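1. Fold the stuff below for me.
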Amino acid sequence: MTRKLEGKVALVTGAGRGIGRAIALKLASEGARIVINDLDAEPAQEVVQAIRDVGGEASACVGSVSAPDFAERFVGTAVSEYKGLDIIVNNAGYTWDNVIQKMTDEQWYAMLDCHLTAPFRILRAAQPVIRGFARAEADAGTRVVRKVVNISSVAGLFGNAGQANYATAKAGIVGMTQTLAKEWGRMNVTVNCVAFGLIKTRLTGSTADEATANIEGREIRVGVNPDLMAMMERAIPLGRGGTPDEAAGAVYMLCIPESDYVSGQTLMCSGGMTGI
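-> Numbering: from 1, shown residues only. Model prediction:
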């Protein structure tokens with residue numbers, strides 16, 4: 001049986017770990033050729049190898065999505081390696097929380113740069129490439145539907161205390177999604193958004209472990225207070241946080257042909273939670 005994404009070329013940011021890794025593996029399992037991005041070379045190459053080990057095709061494009069030259073390099077990798085560009089998943093992200101009176105300009109701009117400016121640059125760099133493919137296909141009398149899936153959060157839809165920076169960026173990506181759905185429909189591109197609720201990754205582990213993540217030279221504390229985590233899970237109708245594979249499933253639904261007439265939408269993947 002033909003796999004649903006056979007031969008497609010997909011870009012996935014933040015794909016070395018967690019949700020991004022699960023998305024990359026899911027798309028690859030359905031035949032997509034993947035360009036893997038991560039801040040660090042080792043996890044990116046591990047995912048590339050995992051895909052190759054099962055007969056798939058993947059390449060790495062390592063570096064910060066916030067770097068001014070990243071978008072052209074990322075899109076260029078897809079074109080040079082695979083001569084195509086069909087799916088873009090803007091997934092890379094992290095949180096750097098504080099209440100607004102204690103939040104620094106550095107914290108504010110770090111979230112906007114990663115969650116909003118980086119996707120903007122990637123999509124801006126992709127537009128001429130996609131337009132060229134779409135024109136050639138129109139001249140040949142064929143129609144190919146391409147997919148953009150941006151990642152938001154329930155914090156971007158409802159706000160969340162201590163996350164003015166993150167929530168603002170995640171709200172912005174919803175607006176960008178709706179705008180590009182209108183701009184890119186003429187190129188047969190659907191543009192949608194997935195807003196995650198509580199998904200269990202290294203960034204949502206217990207603060208009791210005092211874990212940190214080194215992100216662009218900053219040691220940022222990660223995790224959630226165990227009591228707060230328990231309270232959050234009780235508020236989820238399904239009674240638990242989601243897994244990276246479940247998160248990837250929501251993205252996958254917006255990448256397959258069955259969603260070819262769905263565009264400009266925000267899909268909540270939150271276990272039934274409809275607010276914070």
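
2. burial count for residue 250?
-> 21 (other C-beta atoms under 10 Å). C-betas here are computed from N, CA, C, even on glycine.

3. Distance of it relative to residue 161?
-> Here residue 250 is placed at a distance of 25 Å from residue 161 (C-beta to C-beta, to the nearest Å).

4. So what would you say the end-to-end distance of stretch 5-18 is?
-> One end of stretch 5-18 to the other measures 22 Å (C-alpha to C-alpha, to the nearest Å).

5. again with stretch 264-275
-> With C-alpha to C-alpha, one end of stretch 264-275 sits 21 Å from the other.

6. what sits up against that stretch?
-> Stretch 264-275 has contacts (C-beta atoms under 8 Å, 6 or more residues apart in numbering) with 152, 154, 157-158, 174, 177-178, 181-182, 191-199, 235-242, 246-247, 249-250, 253-254.

7. what about 6 Å?
-> 154, 158, 174, 178, 181, 192-197, 236-238, 242, 247, 250 (C-beta atoms under 6 Å, 6 or more residues apart in numbering).

8. Can you flag which of those belong to helices?
-> Counting by DSSP state H, the members of those that fall within helices are 154, 158, 174, 178, 181, 247, 250.

9. you'd agree residue 137 is up against residue 144?
-> Yes - Residue 137 is in contact with residue 144 according to C-beta atoms under 6 Å; the separation is 5.3 Å.

10. quick one: residue 114 and residue 53, what's the gap?
-> Distance, residue 114 to residue 53, by C-beta to C-beta: 30 Å.

11. same question, residue 181
-> 36 Å.

12. Among these two, which residue is more densely surrounded?
-> residue 181 (19 against 8).

13. Please, which helix or strand holds the closest residue in space to the more buried one that isn't next to it in sequence?
-> Excluding the flanking residues, the one nearest residue 181 by C-beta to C-beta, 6 or more residues apart in numbering is residue 264, at 3.4 Å. For residue 264, there is no host helix or strand (DSSP states H and E).

14. Dihedrals phi and psi, residue 264?
-> phi 80, psi 20 (degrees, to the nearest 10).

15. What residues does the residue nearest the centre of the chain make contact with?
-> Of all residues in the chain, the one closest to the mean position by C-alpha atoms, centre = their mean is residue 91, 1.6 Å from it. By C-beta under 6 Å, 6+ apart, the contact list for residue 91 reads 13-14, 20, 151.
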